[in-house]
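Trainee: Sequence plus predicted model, see below.
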Amino acid sequence: MAQILFIEYVRESLERRRCGLDTAGHTVASAQNFADGLRAIELGKYDVVVLGNSIPQEQRNSLAAAAKKARPATRVLVMYSDTVYHAELADALINTTATAEDLHRTVEYLMHRTP
């Protein structure tokens, strides 16, 4: 299973999604703000970094770039609700209406892609 860092600024959304990934057997660390997210990226070794919808676009881009710089094999999964701008660093996009199963399947898909 995957080592996942889930960064989301809205606690309820973070906990709901994190619970679904935990249930699927993944190991999930989390951060609820930009500084904690950057610190976790720099200190950890994650297979997938999930960036929640509540993160402002500029910060989302910075976090994605930091994840790729810290460990190029890390996959970046961006959650969105309406429109995503400048998603060049995303390896996958998933809508916030996706189910826990959809999120798990997307993580599994990313885990089996070659860097």
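Mentor: Noted; the coordinates are in hand.
Trainee: Run through the neighbouring helices and strands of the host helix or strand of R39.
Mentor: Under the criterion of DSSP states H and E, R39 resides in helix 34-43. Judged by 3 or more C-beta pairs under 8 Å, 6 or more residues apart in numbering; DSSP states H and E, the packing partners of helix 34-43 are strand 3-7, strand 27-31, helix 57-70. In this view, the C-beta of every residue, glycine as well, is placed from N, C-alpha and C.
Trainee: now it against strand 3-7, angle please.
Mentor: What separates the directions of helix 34-43 and strand 3-7 is an angle of 160 degrees, with axes from the mean of the first three to the mean of the last three C-alpha atoms, to 10 degrees.
Trainee: hang on, the earlier thing: how about a markdown table for the helices and strands packed on helix 34-43, with mean pLDDT, distance to V48 and mean neighbour count added?
Mentor: Supplementary listing: those in a markdown table, determined by pLDDT from 0 to 100; distance: least, C-beta to C-beta, whole Å; neighbours: other C-beta atoms under 10 Å:
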| stretch | mean pLDDT | distance to V48 | mean neighbour count |
| --- | --- | --- | --- |
| strand 3-7 | 97 | 5 | 24 |
| strand 27-31 | 96 | 10 | 18 |
| helix 57-70 | 94 | 9 | 18 |
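Trainee: sorry, back to before: so how far is the first helix or strand past the helix holding R39 going along the chain from its chain's centroid?
Mentor: Scanning forward in sequence from helix 34-43, with DSSP H and E defining helices and strands, the next element found is strand 48-51. What separates the centre of strand 48-51 from the centre of its chain is 2 Å, taken as C-alpha atoms, centre = their mean, to the nearest Å.
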